[in-house]
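Asker: got a structure for you, letters missing:
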């Protein structure tokens, strides 16, 4: 099925087509994720899967909790729906006041929490990485204290993202993290040429992360202030709109906290596994989150402001949301199904091509492959779940996703502990591969959350699905693509990581696109027409 035109509720301004906005978000995310992959490759080269790498990964994860709690996820659920709806109604003065009030509250909260985080760093490390001791623990505490001030800058950057997205300025807000990554990469490479030991390099990386956060905020702040001007930072004058944001903020904060707790439990359990488990889990998650960010986040980020602008009768709004959601689900599934299959079939090639250099060995790449394969079953659930949750946020309902996030957390912890500890010993799996069980448990729990979200939303707006026939066609095409990639591997054995990836990945992508075109998948036709238009357009300009 081709992309459907969005339907506006009567009395509302026409809803913008989300395809172009999603493409802008995806382009920004792609640039930032590619920069993130380069950063991770640099980490792998200089730190490998050593104890210092474990400390660095854990240290980045701990202050990230504040960034994710107060940042994009919570603001998307609380601030953007209210702000975007005020703009849609033409209430620009009220929108300006609520934006200033939210910005002021965030700045105050960050100042207090960063101070507490710096002081409480030793206890935070013990809480999320109890398996760390000795020098590894001391280094982690030191890195956390350095990193915390940068968190405030990144949260304010997320406030800018909320303003920009509500005004349909998507590319800059999602491409801005490139600056953060570039500062870290350059600092690491320059410092490494001076012959410093790995612990000194880790501290330089932490300092560079704070400088990079300032650069990321500096890129977005001028445009955000221009769009929301005249902006007065202060909590007075927010009125009912601010109260609606704050009412939604609490459940969204807790719900986002549940998601983060799940990730932190994975790290906690990984810290109890053999040396290097925390580092390899982090390297693998950078890859596994790529399709979630590129497709799930890009589409949901583009849809949320448009959905939130819907006004009119409840039945008309439900029709609009259901149609937009159905189109978005099909678009996401088209890209995520092959991504999951590729992680299983080509995870070793991808892990080695991206990371295998310097201190990162082929054995480390095999562990990354195992984690990617473990995460693959839950990949589709995670991305589709974002869309269903965003639809609830557009309805200004943050409590329903919160309830189901708790269910996912409990299930994920139980399954992760089972798959990472007793099960590997029972089946004779080598200890370093046990970390893959954490990813598998989290992914399976995601399916339960998706089912609960979908069932609850059906009762609100009606049934929106990726059809069974569509899913079978996508799965069959992805399986054919995996077979083609394996045939290339068999015909050209013994290649190094980069040449192998250069042959296998295009074979996978080309066969998947051809197979979906042959099977009549609508999204494949849309993609093919866009590719042809761009290719012929460049040819004519030349």
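Answerer: Structure's in. What do you need? Everything quoted here is computed from the prediction, not taken from an experiment.
Asker: how distant is whichever helix or strand residue 343 is part of from the center of its chain?
Answerer: Taking DSSP states H and E as the criterion, the element that holds residue 343 is helix 314-355. In this view, helix 314-355 has its centroid 13 Å away from the chain centroid, taken as Cα atoms, centre = their mean, to the nearest Å.
Asker: now it: mean pLDDT?
Answerer: In this model, helix 314-355 carries a mean pLDDT of 89.
Asker: Check the offset of the helix or strand that comes right after it from the chain's centre.
Answerer: Using DSSP H and E, the next helix or strand after helix 314-355 towards the C-terminus is helix 362-375. With Cα atoms, centre = their mean as the basis, helix 362-375 stands 20 Å off its chain's centre.
Asker: For helix 362-375, buried residues please.
Answerer: Applying a neighbour-count criterion of 16 or more other Cβ atoms under 10 Å, the buried positions in helix 362-375 are 364-375. To be clear about C-beta, it is placed using only N, CA and C from the backbone, and glycine gets the same treatment.
Asker: can you give me the mean pLDDT across it?
Answerer: Computed over helix 362-375, the mean pLDDT rounds to 92.
Asker: got the contact list for residue 424?
Answerer: Taking Cβ atoms under 8 Å, 6 or more residues apart in numbering as the contact definition, residue 424 lies against 430-431, 433-434, 437.
Asker: So among those, which ones count as buried?
Answerer: Burial by neighbour count, judged by 16+ other Cβ under 10 Å, picks out 433-434, 437 from the contacts of residue 424.
Asker: now residue 122: how far from residue 128?
Answerer: Between residue 122 and residue 128 the computed distance is 12 Å (Cβ to Cβ, to the nearest Å).
Asker: quick one, which of the two is more surrounded?
Answerer: When neighbours are counted by other Cβ atoms under 10 Å, residue 128 comes out ahead of the other of residue 122 and residue 128, with 21 against 14.
Asker: Who are the contact partners of that one?
Answerer: 58, 61-62, 264, 267-268, 271.
Asker: that older thread, give me the angle between the helix holding residue 343 and helix 362-375.
Answerer: 160 degrees (axes from the mean of the first three to the mean of the last three Cα atoms, to 10 degrees).
Asker: Can you pull the phi/psi pair for residue 429?
Answerer: Summarising the backbone geometry of residue 429 under the convention degrees, to the nearest 10, its torsions are phi -80, psi 140.
Asker: how many neighbours does it have?
Answerer: Residues contacting residue 429 under the criterion other Cβ under 10 Å number 14.
Asker: residue contacts, it?
Answerer: By Cβ under 8 Å, 6+ apart, the neighbours of residue 429 are residue 423.
Asker: Can you report how many residues neighbour residue 243?
Answerer: Summarising burial for residue 243: neighbours were counted as other Cβ under 10 Å, giving 12.
Asker: ok, residue 515 to residue 468 distance?
Answerer: Taking Cβ to Cβ as the measure, residue 515 and residue 468 are separated by 18 Å.
Asker: Tell me the pLDDT of residue 72.
Answerer: Predicted confidence (pLDDT) for residue 72: 62.
Asker: next helix or strand past the host helix or strand of residue 387?
Answerer: Assigned by DSSP H and E, residue 387 belongs to helix 379-394. On the C-terminal side of helix 379-394, the closest following helix or strand by DSSP H and E is helix 399-420.
Asker: centre of the chain versus that following helix, how much separation?
Answerer: For helix 399-420, the distance from its own C-alpha centre to the chain's C-alpha centre is 18 Å (Cα atoms, centre = their mean).
Asker: returning to what we had before: pLDDT averaged over the helix holding residue 387, what's the number?
Answerer: For helix 379-394, mean pLDDT is 86.
Asker: Repeat that for stretch 497-505.
Answerer: Taken as a whole, stretch 497-505 has a mean pLDDT of 93.
Asker: In that stretch, which residues are buried?
Answerer: Applying a neighbour-count criterion of 16+ other Cβ under 10 Å, the buried positions in stretch 497-505 are 497, 500-501, 503-505.
Asker: Pick the one among these closest to residue 400.
Answerer: Nearest to residue 400 out of the buried residues of stretch 497-505 is residue 505 (Cβ to Cβ; 39.0 Å).
Asker: where exactly do the helices run in the stretch 101-250 of the chain?
Answerer: Taking DSSP state H, counting those that start in this stretch as the test, the helices found in the stretch 101-250 of the chain are 121-128, 134-166, 171-175, 177-192, 198-227, 239-271.
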